[in-house]
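K.L.:
what would the 3D arrangement of this be:
(one chain, ligands or ions: 2)
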Amino acid sequence: MFTACIVGASGYTGAELIKIISQHPQLTLTHCFVSENSQYQSMLVSDVHPQLSGICDLPLHALASTHIASIRNDFDAIFLATPHEFSHDHLPAMLNGKAVVFDLSGAYRLPNTQVFETFYGFAHQHPHTLKKAVYGLAEWYSDNIKMAQYVAVAGCYPTASLLALKPLIENDLLDLSKLPVINATSGVSGAGKKASATTSFYEVSLQAYGVLNHRHTPEIENYANTPVIFTPHLGGFKRGILATLTAFTKSGVSLRDIQNAFDSAYAHQPLVRVKDSMPKLDHVIHTPFCDIGFAFDPTKQCVVVTSAIDNLLKGASSQAVQCCNIRLGLPQTMGLI
Ligand SMILES: NC(=O)C1=CN([C@@H]2O[C@H](COP(=O)(O)OP(=O)(O)OC[C@H]3O[C@@H](n4cnc5c(N)ncnc54)[C@H](OP(=O)(O)O)[C@@H]3O)[C@@H](O)[C@H]2O)C=CC1
Ligand SMILES: CC(=O)N[C@@H](CCC(=O)OP(=O)(O)O)C(=O)O
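P.N.:
Ligands and ions are numbered 1, 2, ... in the order given. Down below sits the predicted model:
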């Protein structure tokens, strides 16, 4: 058995991690942490997340800043379900002990520090740690994940977008003189637990946001090796992301080429299901799967790919555990299906 802790356990992705790890055959969740000044400190997990009553009754411990460095030797796996700024500031102190760190935030997902000033609003202070980070898109980077000391788990929109785009890019099927276009809609849980007017039930109405400047654009572009036009939308539902990619293929590319690209990428990947029809959110919500469907028009040489995930699971917590399984030499689906 491996021991694990979660930092940020009072939030939405924290709750999903608690649920998965509590039921995992090879991980033992021994500690759940919240911030020093958290309103939830000393409460039980099951008081803060009543859906976890009977699944986890651990208390939420306040993690004092003076204690952060010491947890690196207390656990085999540390899961950070914390804001980007917390992970940025404190992840380096958690390294070089026995723990492998799985960071759900965006703080270590990109090698270029400039991106953080432009898209995250802070100057990155740990360029060396950044350069050594392993990107946690499980289906594409498992060789690196197997040896990682810390994994920057892929973002939610990037997971949906890259799983749709990468088979086409890696097989050199696209005419990239015309930029791939990705339109994606997320449920409100993507914005986290903290209340805000823009994500309140009364205010939400399907709308594009972050147009041409969302922080997931550089993340998608970096791992797809191509510029894209990415437009996120906020939908009036709780969970899930549906992403639709539209791109032009090189001349001569056939439907069979596209089918082969998706089959060779995912035939042996149990958590990506390539479908004969377009996926829908209901089929992936509360699951660790990404469903993918596509259509191709040979006259226009145009391919449309749709992917669907649960943003809190394949877009965050279940993918973090999938990466942890890979890192610990366990079957990648252990505790997930
Ligand atoms: N929601 C989503 O769909 C996805 C989220 N992510 C990323 O995962 C991370 C968590 O997201 P999410 O769960 O949605 O966010 P939430 O806002 O729901 O939860 C974040 C939690 O972090 C805790 N926290 C804040 N500051 C600190 C601190 N200094 N020390 C310890 N804990 C702290 C807060 O709890 P308290 O105040 O009680 O300490 C809060 O409950 C973020 O980086 C987000 O970008 C990634 C992919 C998808
Ligand atoms: C609906 C909504 O607000 N979604 C969030 C993305 C979710 C998230 O937390 O982003 P990471 O995957 O980078 O951690 C946003 O657009 O900022």
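K.L.:
and the stretch 1-150 of the chain, which of its residues are near ligand 2?
P.N.:
Proximity of the stretch 1-150 of the chain to ligand 2 is confined to 105-106 under the rule Cβ under 6 Å from any ligand atom. The C-beta positions use only the backbone N, C-alpha and C, and glycine is treated the same way.
K.L.:
just the helices from the stretch 1-150 of the chain, written as ranges.
P.N.:
Using DSSP state H, counting those that start in this stretch, the helices found in the stretch 1-150 of the chain span residues 12-22, 45-48, 84-90, 113-115, 127-132, 142-145.
K.L.:
make JSON lines from the ones you listed and add mean pLDDT to it.
P.N.:
Converted to JSON lines, the helices of the stretch 1-150 of the chain look like this (pLDDT from 0 to 100):
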{"stretch": "helix 12-22", "mean pLDDT": "98"}
{"stretch": "helix 45-48", "mean pLDDT": "98"}
{"stretch": "helix 84-90", "mean pLDDT": "97"}
{"stretch": "helix 113-115", "mean pLDDT": "94"}
{"stretch": "helix 127-132", "mean pLDDT": "95"}
{"stretch": "helix 142-145", "mean pLDDT": "98"}
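K.L.:
ok, residue 78 - contacts?
P.N.:
With contacts defined as Cβ atoms under 8 Å, 6 or more residues apart in numbering, residue 78 is in contact with 4-5, 7, 71-72, 94, 99-102.
K.L.:
one step back: most tightly surrounded among the helices of the stretch 1-150 of the chain?
P.N.:
Among these, helix 12-22 has the highest mean neighbour count (mean count of other Cβ atoms under 10 Å), at a mean of 25.
K.L.:
just put the helices of the stretch 1-150 of the chain in TSV and tack on distance to residue 222.
P.N.:
Formatted as TSV, the entries for the helices of the stretch 1-150 of the chain read as follows, by distance: least, Cβ to Cβ, whole Å:
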stretch	distance to residue 222
helix 12-22	22
helix 45-48	35
helix 84-90	16
helix 113-115	8
helix 127-132	12
helix 142-145	14
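K.L.:
among the ones you listed, which is nearest residue 66?
P.N.:
Comparison of these against residue 66 by Cβ to Cβ identifies helix 84-90 as nearest, at 11.6 Å.
K.L.:
for that closest one, packing partners?
P.N.:
If contacts are counted by 3 or more Cβ pairs under 8 Å, 6 or more residues apart in numbering; DSSP states H and E, helix 84-90 sits against no helix or strand.
K.L.:
show me where the chain has its strands.
P.N.:
In the chain, strands defined by DSSP state E lie at 2-7, 27-34, 60-62, 77-80, 100-103, 134-136, 150-153, 181-186, 207-208, 229-234, 241-248, 272-274, 290-297, 302-309, listed in chain order.
K.L.:
which of the contacts of residue 78 lies closest to ligand 2?
P.N.:
Within the set of those, residue 102 lies nearest ligand 2; the separation is 13.0 Å, counting by Cβ to the nearest ligand atom.
K.L.:
now do the contacts for the spatially closest residue to the closest one that is not a sequence neighbour.
P.N.:
The shortest distance from residue 102 to any residue other than its chain neighbours is 4.6 Å, reached at residue 320 (Cβ to Cβ, 6 or more residues apart in numbering). Taking Cβ under 8 Å, 6+ apart as the contact definition, residue 320 lies against 17, 79, 102, 104, 136, 151, 153.
K.L.:
which one (most neighbours) among the residues you listed?
P.N.:
When neighbours are counted as other Cβ atoms under 10 Å, the busiest of these turns out to be residue 79, with 34 neighbours.
K.L.:
one step back: and residue 159, which of the strands of the chain is closest to it?
P.N.:
Evaluated over these, closeness to residue 159 peaks at strand 302-309, with 6.0 Å, by Cβ to Cβ.
K.L.:
ok, residue 15 touching residue 51?
P.N.:
Yes: taking contact to mean Cβ atoms under 8 Å, the distance of 7.5 Å between residue 15 and residue 51 places them in contact.
K.L.:
distance check, residue 2 against residue 193.
P.N.:
Residue 2 sits 27 Å away from residue 193, taking Cβ to Cβ, to the nearest Å as the criterion.
K.L.:
these two - which one has more neighbours?
P.N.:
When residue 2 and residue 193 are compared for neighbours, residue 2 comes out ahead with 17 against 14, by other Cβ under 10 Å.
K.L.:
count the residues that sit near the closest residue to residue 219 other than its chain neighbours.
P.N.:
Setting aside the residues directly before and after it, residue 219 is nearest to residue 158 in space (Cβ to Cβ, 6+ apart), at 4.6 Å. Neighbourhood size, residue 158 [other Cβ under 10 Å]: 29.
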